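Asker: Sharing a model prediction with you, sequence too.
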Amino acid sequence: MNDVLKALSHSTRRAVLSHLRKGDATAGELAALFDVSKPTMSRHFQVLKDADLIAAERRGTEIVYSFNASVGDELLGALMALLGTKERTSASTSEEQA
């Protein structure tokens, strides 16, 4: 989970994920969207891969990236559980005070 949160902490990586939610894209297509060096983009891709938020597949001379929705769903579930726990705690505290 820490790798996922680290990956989501940078705006460029969030933008890459947003783009990939629409469909697969090559490394070159994604890099063209940002005004950063290719090594910087490669590092962003690696952080996203380490967090298992994206998958990479070599197709000939290109690397094609795709969004891994299962990790996104898992993160959303964890956040919902955290928020649900907080709400129950607040409700319990209010009931105990009454």
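Answerer: In hand now; what should we look at?
Asker: CA atoms for contacts and neighbours, from now on please.
Answerer: OK.
Asker: State the three-state secondary structure for residue 48.
Answerer: Secondary structure, DSSP: H, G, I helix; E, B strand; the rest coil: residue 48 is helix.
Asker: Show me where the protein has its helices.
Answerer: 2-8, 11-20, 27-31, 38-50, 69-97 (DSSP state H).
Asker: Including mean pLDDT, distance to residue 62 and mean neighbour count, could those helices go into CSV?
Answerer: Shown next, in CSV, are those (pLDDT from 0 to 100; distance: least, CA to CA, whole Å; neighbours: other CA atoms under 10 Å):
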stretch, mean pLDDT, distance to residue 62, mean neighbour count
helix 2-8, 87, 23, 15
helix 11-20, 94, 16, 17
helix 27-31, 95, 7, 16
helix 38-50, 96, 13, 17
helix 69-97, 67, 22, 12
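Asker: In a markdown table: those helices, plus distance to residue 61.
Answerer: Listed next are the helices of the chain as a markdown table, based on distance: least, CA to CA, whole Å:
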| stretch | distance to residue 61 |
| --- | --- |
| helix 2-8 | 26 |
| helix 11-20 | 20 |
| helix 27-31 | 11 |
| helix 38-50 | 16 |
| helix 69-97 | 25 |
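Asker: Which one, of those helices, ends up nearest to residue 58?
Answerer: helix 27-31 (10.2 Å; CA to CA).
Asker: Distance from that closest one to the middle of the chain?
Answerer: Distance of helix 27-31 from its chain centroid, counting by CA atoms, centre = their mean, to the nearest Å, is 17 Å.
Asker: Kindly report the same for stretch 22-35.
Answerer: On CA atoms, centre = their mean, the centre of stretch 22-35 falls 15 Å from the chain's centre.
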